[in-house]
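Colleague: Got a predicted model here, sequence first, then my questions.
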Amino acid sequence: MNTNPVQLFDVESSTFTYILVADDDRSAVIIDPVERHWERDLAHLKRLDLTLAYVLETHAHADHVTSAGKLREVTGAQAAVPSGCGITPAEVQLDDGDVICFGAGERIEVLHTPGHTAGSVSYLWRGNVFTGDTLLIDGCGRTDFQSGSSAALYDSVIGKLFALPDTTRVWPGHDYKGQSVSTIGWEKRHNARLANRSKAQFASLMAALDLPKPKLIDIAVPANQNLGLPHGA
């Protein structure tokens with residue numbers, strides 16, 4: 001049983017991409033692929049003799065361009081995205097509680113986890129949760145652009161993600177310190193931004209971060225709302 005995802009990394013944006021393999025070893029989905037690595041990701045699929053069923057996005061990214069559109073063109077997979085992110089070319093618009101089915105009985109549950117962006121989602125599969133920029137290892141995504149909200153992120157993490165079993169493995173959308181995986185139990189006890197903080201305390205912490213604007217935001221967000229393809233394509 002393939003309970004562990006294939007985890008791939010983009011050094012430039014510190015982005016994780018994940019390939020989930022069905023138990024029949026024939027079908028797969030990919031989460032948050034990066035444009036400059038589409039050939040690498042396709043090679044992984046071919047090496048494992050897998051058919052790509054879906055390309056999933058956790059949100060419209062501001063720090064890199066997705067390869068969702070390219071992979072869809074090359075493989076025939078469907079693009080599935082959060083319904084609140086403005087990614088209109090995708091075949092599947094996902095809402096909270098939706099289930100993505102692939103392979104022989106594989107099910108991925110969609111959790112709407114807004115805060116980093118209004119449309120952000122997390123994906124729950126076989127005791128693993130893929131949290132995008134909502135929950136990072138010992139941290140969380142910023143909340144100061146793209147309809148972000150510290151109150152919404154707090155509710156998403158505390159109310160939804162921290163309600164999952166402690167043993168649930170957390171696979172984040174980014175990491176900047178060489179870490180790769182955590183658990184819900186560890187994050188509940190130790191997360192530097194969220195553990196043992198009230199919503200008001202968390203809001204104050206996030207408001208004081210004063211982070212620089214992402215360098216690629218003006219290019220990446222419009223591109224990602226078109227699945228990484230040139231507009232008109």
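Modeller: Sure thing, it's come through.

Colleague: Could you say which helix or strand holds the closest residue to Pro89 other than its chain neighbours?
Modeller: Nearest in space to Pro89, with sequence neighbours left out and distances taken as C-beta to C-beta, 6 or more residues apart in numbering, is Leu227 at 5.3 Å. (Each C-beta comes from the backbone N, C-alpha and C, glycine too.) For Leu227, there is no helix or strand it lies in under DSSP states H and E.

Colleague: Let me know how buried Leu227 is, in neighbour terms.
Modeller: When neighbours are defined as other C-beta atoms under 10 Å, Leu227 has 25 of them.

Colleague: List phi and psi for the residue nearest the centre of the chain.
Modeller: Nearest residue to the geometric centre of the chain (C-alpha atoms, centre = their mean): Gly132, 2.9 Å. Phi and psi for Gly132, reported as degrees, to the nearest 10, are phi 50, psi -130.

Colleague: for Leu164, what are its contacts?
Modeller: Leu164 makes contacts with Leu124, Val129, Ile184, as judged by C-beta atoms under 8 Å, 6 or more residues apart in numbering.

Colleague: Rebuild these as a markdown table, extending it with neighbour count and pLDDT.
Modeller: A markdown table is the format used below for those (neighbours: other C-beta atoms under 10 Å; pLDDT from 0 to 100):
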| residue | neighbour count | pLDDT |
| --- | --- | --- |
| Leu124 | 19 | 98 |
| Val129 | 24 | 98 |
| Ile184 | 22 | 98 |
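
Colleague: Then Gly185 would be within a helix, right?
Modeller: Yes. Assessed by DSSP: H, G, I helix; E, B strand; the rest coil, Gly185 belongs to a helix.
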